[in-house]
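> build the 3D model from these lines:
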Amino acid sequence: MKLTWLGHSGFRLETGDLVILIDPWLSGNPMLPDNQHAAAVHGATHILLTHAHFDHMSDTLRLARENGIPVIGQFDLMNLWSETEKIETIGFNKGGTITLDGIRISMVTAQHSSTIQDETGLRPAGSEVGYMIAAEGQMIYVSGDTDIMADMEWFADYYKPDIGILCAGGHFTMDMDKVAYIARRWFNFRTIIPCHYRTFPVLEQSAAELVKSLPGIAVIEPDVMRPIPL
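Residues are numbered from 1 along each chain as shown. Predicted coordinates for the structure are as follows:
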């Protein structure tokens, strides 16, 4: 299994015959060079979306059409897009699980917001979520954008994720200190990969303090387009 950071909160997860793009934000992403866009999406089989903010979904509809691949996400938004955008979607909801070629994806709660900007302003667009991905004997927690939640206690107990792809930039989401807190209090992560940081000046620029705070856990500061074997 291989994970590649596309900058910000975007990832490319390769497992078996699947290539899942998680929150792929390409156009206007200051961390992903234009000449890397094609490589970032090459061979994609699915798109997995946590919520509708531009820095997570602005390329989703285009990529779904150009590559003829389904978008997986929260039911209300997926149902809307299947009707209005005429793309293939797989919609489910918090508490639900889907299976793709033996890979199990469970939707869990997040605490954030989910809106789309159009000519009338900001409109609600489904709800924000995270995912637990069971693949190749490992469990990956993709937090999406979120604050600390009491739900994380049962996430840790029930799903027992050993890999955390966690928002950590602060201002809009948890910061590095909060990620360290949840890792110590509830989770038993073997590996943590921070995201939603470094993109803009308002966000945290380094995970050095997170590394220092969590001895014994592999905190990987990802490099854009450099694969991480899991």
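> which residue packs closest to Ser113, ignoring adjacent ones?
Glu128 (6.3 Å; CB to CB, 6 or more residues apart in numbering). Placement of C-beta: from N, CA and C, glycine included.
> quick check: the gap between that neighbour and Ser9.
The gap separating Glu128 from Ser9 is 12 Å, by CB to CB, to the nearest Å.
> what does Asp145 give?
Noted for Asp145: a distance of 7 Å to Ser9, by CB to CB.
> name the residues contacting each of the two.
50, 56, 167, 196 (CB atoms under 8 Å, 6 or more residues apart in numbering).
> any idea how far whichever strand or helix holds the second one is from the middle of the chain?
In other words, His56. Assigned by DSSP states H and E, His56 belongs to helix 54-57. From the chain centre to the centre of helix 54-57 is a distance of 11 Å (CA atoms, centre = their mean, to the nearest Å).
> quick one: the helices in the chain, in order.
37-41, 54-57, 60-67, 75-84, 151-159, 176-185, 208-213 (DSSP state H).
> turn these into a markdown table, including distance to Asp23 and mean pLDDT.
Formatted as a markdown table, those follow (distance: least, CB to CB, whole Å; pLDDT from 0 to 100):
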| stretch | distance to Asp23 | mean pLDDT |
| --- | --- | --- |
| helix 37-41 | 12 | 98 |
| helix 54-57 | 4 | 94 |
| helix 60-67 | 8 | 97 |
| helix 75-84 | 13 | 95 |
| helix 151-159 | 19 | 98 |
| helix 176-185 | 17 | 98 |
| helix 208-213 | 20 | 97 |
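> out of those helices, which is closest to Val224?
Closest to Val224 of these, according to CB to CB: helix 37-41, at 9.1 Å.
> which other residues reach that closest one?
4, 6, 10, 12, 21, 24, 26, 32, 63, 67, 225.
> same check, this time on stretch 204-219
Contacts for stretch 204-219 (CB under 8 Å, 6+ apart): 168-170, 175-177, 179-180, 183-184, 189-194, 197-198, 221.
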